[in-house]
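A.B. asks: The sequence and its predicted three-dimensional model are supplied below.
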Amino acid sequence: MTISLAACAAPTATNQPSAQSGQLTIYTTRAEALFKPVVAEFNKTNPSIKISLLSGKSGELGAKLAEEKANPQADVFVGTDMLAAIDLAAQGIFTPITSAKTAQIPERYRATDNAWVGLTLRPRVIMYNKNLVKPEELPKSIFDLTDPKWKGQVGAANSTNDAMTANLAALRKLIGPEKTEKFVKDLVANNTQFFGGHTDVRKAVGAGELKLGFVNHYYYHLSRVEGAPVGIIYPDLDTTGLIVNTTVAGVVKGSKNSAVAQAFVDFLLSPAGQKVFADNNYEYPIVSGVALADGVDALDKYKINDLQMQTLYNDLKNTKQMMQQAGLP
């Protein structure tokens, strides 16, 4: 866990109006390199706000938020997985978001009491090295990753990764607990290379160290723009449909800077905030009408399941137990 003070405000003329002033502390599980452009954009119209970022894994930050509940040090939480945010909401960490923009978000991607709200969509995909995988070999399903022909040639995130956990929680709802556990066991038996995060997966695939990677879609785009010989597969379109998770935000209950915190979340849901996520991170805006980055396919081209995130959270404990029993490192 590292603390970074984000001196992100762009130079502004002294007569530029400021919508807010003060300070803001954000706890985030997002990579700082991907999140700082969003902070910088907010500072353009709010140059008087000093923003501090504390980054870390969801378990670490969740424990810190719980410890600080009686005396909150954070104002906003921005996470990479909705299930972690739902868990924090269940502990009473968040206060309702006041932004009217939450009404634009599909119900399955926000809390009924506005305790948390989704920010961007991130479908689960397979990326591959074009120099190592022929077009006729391309898998069509995540279940194809357990084929012995890919033994030792697939990369995926391990059990500490929120996106992987959410993916398996979704599978338990879509195909049942037994089939999901078998899938995980088969991945392990096929000598899948498990990493702590998707960055290592996408770099290994781009470098030709692995043929396939099971990742969030934008990791493919990050490798693509770096010039890596990679391709992308949107899997299971004829069966379960795409599994989609979201990034998420919540305002910390008892925040010492609640007005600024609410304004920041309102910005994240604005076209300007959504556009930064789309342009810099290649993510899918959760608000309609925001243009996608170049090279990103429209998500409405693909079949997406309609799982409710709250139902996945209700099965989270069982999902984690299953991961352990199945031998997922």
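C.D. replies: Right, received. Where do you want to start? Residues are numbered from 1 along each chain as shown.

A.B. asks: packing partners for the longest strand anywhere in the chain?
C.D. replies: Secondary structure of the chain read by DSSP state E shows that its longest strand is strand 117-129. Packing contacts for strand 117-129, counted by 3 or more Cβ pairs under 8 Å, 6 or more residues apart in numbering; DSSP states H and E, involve helix 162-175, helix 198-206, strand 212-216, helix 217-225, strand 230-233, strand 244-252, helix 271-281, strand 284-285. The C-beta positions use only the backbone N, C-alpha and C, and glycine is treated the same way.

A.B. asks: Please produce CSV containing these, extended by mean neighbour count and distance to A70.
C.D. replies: Below are those laid out as CSV (neighbours: other Cβ atoms under 10 Å; distance: least, Cβ to Cβ, whole Å):
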stretch, mean neighbour count, distance to A70
helix 162-175, 22, 26
helix 198-206, 22, 35
strand 212-216, 27, 35
helix 217-225, 22, 37
strand 230-233, 19, 46
strand 244-252, 26, 12
helix 271-281, 20, 31
strand 284-285, 22, 36
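
A.B. asks: follow-up on the earlier one: strand partners (parallel or antiparallel) of the helix or strand following the longest strand of the chain?
C.D. replies: As assigned by DSSP states H and E, the chain's next helix or strand after strand 117-129 is strand 154-157. With DSSP bridges as the test, strand 154-157 is paired with strand 193-195 (parallel), strand 212-216 (parallel).

A.B. asks: Make a markdown table from the ones you listed and add distance to Y282 and mean pLDDT to it.
C.D. replies: Converted to a markdown table, the strands paired with strand 154-157 look like this (distance: least, Cβ to Cβ, whole Å; pLDDT from 0 to 100):
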| stretch | distance to Y282 | mean pLDDT |
| --- | --- | --- |
| strand 193-195 | 20 | 98 |
| strand 212-216 | 10 | 98 |
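
A.B. asks: Which among these is found nearest to I105?
C.D. replies: I105 lies closest to strand 212-216 among these, at 19.2 Å (Cβ to Cβ).

A.B. asks: Contacts for the closest one next, please.
C.D. replies: The contact list for strand 212-216 (Cβ atoms under 8 Å, 6 or more residues apart in numbering) reads 122-129, 133, 139, 142, 145, 150, 153-157, 163, 198, 201-202, 204-205, 219, 245.

A.B. asks: how about a cut-off of 7 Å?
C.D. replies: Outside of strand 212-216, the residues within contact range by Cβ atoms under 7 Å, 6 or more residues apart in numbering are 122, 124-128, 133, 142, 145, 150, 153-156, 163, 198, 201-202, 204-205.

A.B. asks: CA-only coordinates of it, as PDB, when you get a sec.
C.D. replies: Output in PDB follows, covering the C-alpha atoms of strand 212-216 (Å, rounded to 0.1, in the frame of the first residue of the first chain):
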ATOM      1  CA  LEU A 212      -3.700 -16.700 -24.000                       C
ATOM      2  CA  GLY A 213      -4.700 -14.400 -21.200                       C
ATOM      3  CA  PHE A 214      -8.000 -14.200 -19.200                       C
ATOM      4  CA  VAL A 215      -8.400 -10.500 -18.400                       C
ATOM      5  CA  ASN A 216     -10.700  -7.500 -18.300                       C
END
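
A.B. asks: could you check the angle helix 162-175 makes with that strand?
C.D. replies: In terms of direction (axes from the mean of the first three to the mean of the last three Cα atoms, to 10 degrees), strand 212-216 departs from helix 162-175 by 90 degrees.

A.B. asks: Indicate which one of the helices and strands packed on strand 117-129 is closest to I105.
C.D. replies: Judging the helices and strands packed on strand 117-129 by Cβ to Cβ, what sits closest to I105 is strand 244-252, at 9.2 Å.
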